[in-house]
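Visitor: I would like to see how this sequence folds:
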Amino acid sequence: MLIQRKLGRIRAVSPFSSEKKRSAVALECPDRPQRVAVYVKGAPETIIQLCHSVASGRGSGQFGNEEKNRMLEVVASMASNPLRVIAFAFTEMDLDDWMRSIEGRGGTPERALEDALSNGALSLTFIGTFGLRDPLRPKVQSAIKYARESGKLGVRLVSGDHIETAKAIALKSGILKPEEASKLYSVMTAEDFRATVG
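Guide: Below you'll find the model as predicted:
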């Protein structure tokens, strides 16, 4: 019954994709029926750039470039530990404003939500980040060592994680040797890879 009640309040959903690196849901607030809340989660470097303010114990404050850069440094530190880092943001508006400025643009509510996010039309407030530890499985290091030494295979890691998380996992698993880590193109983003080979 609780799930049905929640589903009945959902106005639009923007599912996660590896291109956008974020997902979002817009729903009517249960305790404030004439308000719509939009919750966004995803890659910190994506979510942080969408935000105009930051939540704090005293409400919300300015989230300018200096604060954003500081937060990205914190994210890079978390990612290198290695943690999978997810960022969260939200905004609220009157239901009438949602109907007029988002759903009123035409098309499906999902398309309207996605357009509003892509165009920066939603004034998002950054909530924070959450780090998840995903330890290596016990036999990963020995399997990689066997493939490299006995099988004479080159092992590479392709990951959707933050580049620092991927680098730390590659080092820990033996895919990337410490002396290789500082070499040009030993670790790169998908954008850099496409630009290099393409």
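
Visitor: which residues touch the residue lying closest to A43 once chain neighbours are set aside?
Guide: Counting by Cβ to Cβ, 6 or more residues apart in numbering, K21 is the residue found nearest to A43 once chain neighbours are left out, at 3.8 Å. Every residue, glycine included, has its C-beta placed from N, CA and C. Remark: with contacts taken as Cβ atoms under 8 Å, 6 or more residues apart in numbering, K21 is in contact with G42, A43, E45, T46.

Visitor: Mind putting these into TSV with neighbour count and pLDDT?
Guide: Output for the contacts of K21, formatted as TSV (neighbours: other Cβ atoms under 10 Å; pLDDT from 0 to 100):
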residue	neighbour count	pLDDT
G42	19	95
A43	20	93
E45	18	93
T46	16	94
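
Visitor: farthest pair in those residues?
Guide: With Cβ to Cβ as the measure, no two of the contacts of K21 lie farther apart than G42 and E45, at 9.3 Å.

Visitor: Report pLDDT for L117.
Guide: As predicted, L117 sits at a pLDDT of 92.

Visitor: ok, how many other residues are close to M93?
Guide: The number of residues packed near M93 is 18, by other Cβ atoms under 10 Å.

Visitor: meant to ask about N119, not that
Guide: For N119, the tally of surrounding residues (other Cβ under 10 Å) stands at 8.

Visitor: Give me the distance between it and R9.
Guide: N119 sits at a distance of 25 Å from R9 (criterion: Cβ to Cβ, to the nearest Å).

Visitor: Please name the residues that touch A147.
Guide: Counting by Cβ under 8 Å, 6+ apart, A147 touches L153, V155.

Visitor: Let me know the pLDDT of it.
Guide: pLDDT recorded at A147 is 91.

Visitor: quick one: what helix or strand has it in it?
Guide: In this structure, A147 is located in helix 140-149 according to DSSP states H and E.

Visitor: With just CA atoms, put whichever helix or strand comes after that helix into PDB.
Guide: Downstream of helix 140-149, the next assigned helix or strand under DSSP H and E is helix 163-173. Presented in PDB, the C-alpha positions along helix 163-173 are these (Å, rounded to 0.1, in the frame of the first residue of the first chain):
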ATOM      1  CA  ILE A 163      38.700   8.100 -12.600                       C
ATOM      2  CA  GLU A 164      40.400   8.100  -9.200                       C
ATOM      3  CA  THR A 165      38.300   5.200  -8.100                       C
ATOM      4  CA  ALA A 166      39.100   3.200 -11.200                       C
ATOM      5  CA  LYS A 167      42.800   4.100 -10.800                       C
ATOM      6  CA  ALA A 168      42.900   2.900  -7.200                       C
ATOM      7  CA  ILE A 169      41.100  -0.300  -8.000                       C
ATOM      8  CA  ALA A 170      43.500  -1.000 -10.900                       C
ATOM      9  CA  LEU A 171      46.500  -0.500  -8.700                       C
ATOM     10  CA  LYS A 172      45.100  -2.600  -5.900                       C
ATOM     11  CA  SER A 173      44.100  -5.500  -8.200                       C
END
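
Visitor: I appreciate the help and will end here.
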